[in-house]
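**Student:** Here is the input, now give the coordinates:
(one chain, ligands or ions: 1)
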Amino acid sequence: MKKPVNQILIIFGASGDLTKRKLIPALHELFLQNLLPSNFAVLGVSRTKMTDEEFRQQAGEFLPADDSVREFSNKLYYQPLMVSEKDEYIKLIDRLDTISKKNNIDKNYIFYLSTPPSMYGIIPGNLANCGLNISEKYFRRIIVEKPFGTDLQSAKQLNVQLLKFFNEDQIYRIDHYLGKETVQNMLVTRFSNGIFEPLWNHNYIDHIEITSAESLGVEQRGGYYDHSGALRDMVQNHLMQLVGFIAMEPPVVVEADALRNEILKVFQSLKPIKENMVEKYVIRGQYIHSKIKGQEVLGYREEDGVDKHSRTETFVAMKFYIDNWRWAGVPFYIRTGKKLPTRVTEVVVHFKKAPHHLFGLEGGIAQENNQLVIRIQPDEGILLKFGMKTPGAGFNVQTVNMDFHYSDLSAEQIPTAYGRLLHDCMLGDASLYARGDSVEEAWKFIQPILYAWETNPSIPVFGYPAGSWGPDVSDNLINGGQWRYPCKNLTNDGTYCEL
Ligand code: BG6
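**Tutor:** Numbers count the residues shown, from 1 in each chain. All right, here's what the predicted structure looks like:
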């Protein structure tokens with residue numbers, strides 16, 4: 001893999017959780033793989049007063065205790081800064097100059113906004129005010145963390161604000177799902193094989209199902225989550241991006257604009273769920289108190305930071321269509337939730353049944369349609385389920401599994417999403433970052449649902465016991481079928497399942 005040119009990564013909001021939990025470990029991983037630029041530094045910036053040494057210690061909290069960390073930590077610096085005050089930025093420029101001289105680094109900068117979203121309108125302006133947005137001799141890029149707005153209007157506003165100071169090709173909107181190896185593999189599975197793509201359309205596919213389940217609740221993020229909910233937190237971004245990868249047409253080349261044009265087209269073809277259809281097509285739920293393995297588990301409304309009467313959804317299941325040539329009439333079902341029985345994300349492609357029941361009905365047809373299960377996490381892999389003859393008399397058919405697990409492919413760990421995405425940005429490759437127009441398009445699809453929920457209190461919020469698969473009514477969404485209830489292990493179905 002390529003090594004990026006010399007540069008400095010400036011993290012705004014560096015005293016926050018994301019920096020020590022995700023960004024620093026991802027950078028350390030790149031360091032171990034020798035994928036960081038030869039001359040490289042990280043400058044953490046936030047209001048908290050801290051020395052370089054204190055920052056190094058805080059940043060190291062989630063790193064292993066070994067020698068590699070000492071060498072890596074030398075690349076970390078910290079600058080306290082009132083980021084909302086434009087006069088403060090002179091300190092930033094001075095510090096960047098000193099670091100680049102000391103380490104012989106060119107003035108190529110990536111600015112990472114890991115701050116509360118209220119700062120997204122302010123920091124880019126302050127950077128521009130002192131010329132730090134100008135990409136000429138040296139590059140200047142800006143990475144923005146989600147949320148990209150909280151509805152269609154605020155997303156548009158955010159794009160306008162960013163584009164006032166940076167060009168679209170300098171803006172990297174990070175969606176960590178696109179950094180997952182298995183998500184990228186959906187493109188490779190589809191477009192590097194001759195066997196799947198001819199079947200990948202309404203002629204052969206009955207429906208597509210996407211589940212992203214989490215066993216954790218809202219943990220310490222009740223305050224944020226109660227104003228967000230699962231639709232904004234997971235569906236508008238991560239799950240819509242998965243839909244984009246599953247449903248897109250083959251891009252002409254694997255390059256940022258070609259790929260992102262195809263994702264945009266998918267979003268533009270989403271059949272709107274009108275406000276009066278929301279109750280029928282979208283189910284919302286909230287976890288309630290229960291006992292799991294003998295342990296009392298709090299309900300969502302009892303969590304810290306959550307309103308005691310909150311109607312925020314911790315579960316969403318929905319059905320929708322993509323109105324284009326390839327997908328005409330094929331229902332897509334997606335669901336996501338907190339405090340479900342296990343942590344699993346997977347896409348299930350259900351192929352149509354054989355047109356004629358040659359082997360009779362009694363045990364003679366595979367009970368399920370042929371399925372291709374693309375497991376995003378954990379036990380990353382792919383599973384194909386199809387009918388085989390049960391040995392013995394007659395022609396009885398049973399469903400069998402053909403499976404591939406990433407763990408069989410290499411002994412190496414699958415790279416983390418943040419590592420992949422940071423490395424791409426260092427190389428100037430925005431293929432796996434969301435583009436502004438598609439973010440707005442995804443909001444356009446979600447907006448009527450948000451509006452219906454906010455304005456029509458008669459649309460129920462179904463309670464589901466923590467540790468269950470969400471409200472029972474979500475089963476009714478799938479006409480004549482049911483969700484696949486996945487286990488921790490990809491192939492562990494139909495048997496005892498450890499959750
Ligand atoms: C984040 C959401 O974007 O994604 C969290 O804000 C969620 O609420 C997380 O838990 C899920 O990510 P992953 O990689 O654990 O599936």
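
**Student:** Okay, the most centrally placed residue in the chain and the ligand: tell me how far apart.
**Tutor:** Among the residues of the chain, the one closest to the centroid is Tyr177, at 2.8 Å (C-alpha atoms, centre = their mean). Per C-beta to the nearest ligand atom, to the nearest Å, Tyr177 is found 7 Å from the ligand. Heads up, the C-betas are built off the backbone N, CA and C, glycines and all.

**Student:** I figured that residue was touching Asn237, is that so?
**Tutor:** Yes. With contact defined as C-beta atoms under 8 Å, Tyr177 reaches Asn237; the gap is 7.5 Å.

**Student:** Identify the residue nearest Phe445 in space, chain neighbours excluded?
**Tutor:** In this structure, Phe445 finds its nearest non-sequential neighbour in Leu270, 4.7 Å apart by C-beta to C-beta, 6 or more residues apart in numbering.

**Student:** mind listing what that neighbour touches?
**Tutor:** 320-323, 445 (C-beta atoms under 8 Å, 6 or more residues apart in numbering).

**Student:** ok, now with 10 Å
**Tutor:** Going by C-beta atoms under 10 Å, 6 or more residues apart in numbering, Leu270 touches 240, 243, 247, 320-324, 327, 332, 441-442, 444-446.

**Student:** Quick check, pLDDT for it.
**Tutor:** pLDDT for Leu270: 98.

**Student:** what sits opposite it in the beta ladder?
**Tutor:** Beta-bridge pairing for Leu270 (DSSP bridges): Ile322.

**Student:** Show me what from the stretch 201-350 of the chain comes close to the ligand.
**Tutor:** 214, 233, 345 (C-beta under 6 Å from any ligand atom).

**Student:** go with 5 Å
**Tutor:** Counting by C-beta under 5 Å from any ligand atom, the stretch 201-350 of the chain comes close to the ligand at Asp233.

**Student:** Count residues in the vicinity of whatever residue of the stretch 201-350 of the chain ends up closest to the ligand, would you?
**Tutor:** Going by C-beta to the nearest ligand atom, the ligand is nearest to Asp233 of the stretch 201-350 of the chain, at 4.7 Å. Look at Asp233: counted by other C-beta atoms under 10 Å, it has 22 neighbours.

**Student:** Phi, psi for it please.
**Tutor:** Asp233 adopts backbone torsions of phi -70, psi -40, taken as degrees, to the nearest 10.

**Student:** just checking, it touches Phe315?
**Tutor:** No. The pair Asp233 / Phe315 is not scored as a contact, 11.4 Å apart, by C-beta atoms under 10 Å.

**Student:** okay, and the common contacts of those two?
**Tutor:** Joint contacts of Asp233 and Phe315 (C-beta under 10 Å, 6+ apart) are 336, 338.

**Student:** Could you pull out the buried residues of the helix or strand bottoming out on mean pLDDT in the chain?
**Tutor:** The helix or strand of the chain with the poorest confidence is helix 406-409; it has a mean of 85 (mean pLDDT, DSSP states H and E). Neighbour counts using 16 or more other C-beta atoms under 10 Å place Tyr406 of helix 406-409 among the buried residues.

**Student:** so what's His409 up against?
**Tutor:** His isn't right for residue 409; it's Leu. Leu409 sits in contact with 380-381, where contact means C-beta under 10 Å, 6+ apart.

**Student:** Distance of Gly13 relative to the ligand?
**Tutor:** For Gly13 relative to the ligand (C-beta to the nearest ligand atom), the value is 15 Å.

**Student:** what is the rounded mean pLDDT of the one helix or strand Ala442 maps to?
**Tutor:** Assigning secondary structure by DSSP states H and E places Ala442 in helix 436-455. What helix 436-455 shows for mean pLDDT is 97.

**Student:** For it, C-alpha coordinates in PDB please.
**Tutor:** This file holds the C-alpha atoms of helix 436-455, laid out as PDB (Å, rounded to 0.1, in the frame of the first residue of the first chain):
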ATOM      1  CA  GLY A 436     -22.600  16.400   0.300                       C
ATOM      2  CA  ASP A 437     -25.300  15.900  -2.400                       C
ATOM      3  CA  SER A 438     -25.900  12.300  -1.300                       C
ATOM      4  CA  VAL A 439     -26.100  13.200   2.300                       C
ATOM      5  CA  GLU A 440     -28.800  15.700   1.500                       C
ATOM      6  CA  GLU A 441     -30.600  13.100  -0.700                       C
ATOM      7  CA  ALA A 442     -30.600  10.600   2.200                       C
ATOM      8  CA  TRP A 443     -32.100  13.200   4.400                       C
ATOM      9  CA  LYS A 444     -34.800  14.000   1.800                       C
ATOM     10  CA  PHE A 445     -35.900  10.300   2.100                       C
ATOM     11  CA  ILE A 446     -35.800  10.300   5.900                       C
ATOM     12  CA  GLN A 447     -37.400  13.700   6.400                       C
ATOM     13  CA  PRO A 448     -41.200  12.700   6.000                       C
ATOM     14  CA  ILE A 449     -40.700  10.000   8.600                       C
ATOM     15  CA  LEU A 450     -39.200  12.400  11.100                       C
ATOM     16  CA  TYR A 451     -42.000  14.900  10.400                       C
ATOM     17  CA  ALA A 452     -44.700  12.300  10.800                       C
ATOM     18  CA  TRP A 453     -43.300  11.000  14.100                       C
ATOM     19  CA  GLU A 454     -42.900  14.500  15.400                       C
ATOM     20  CA  THR A 455     -46.300  15.800  14.400                       C
END
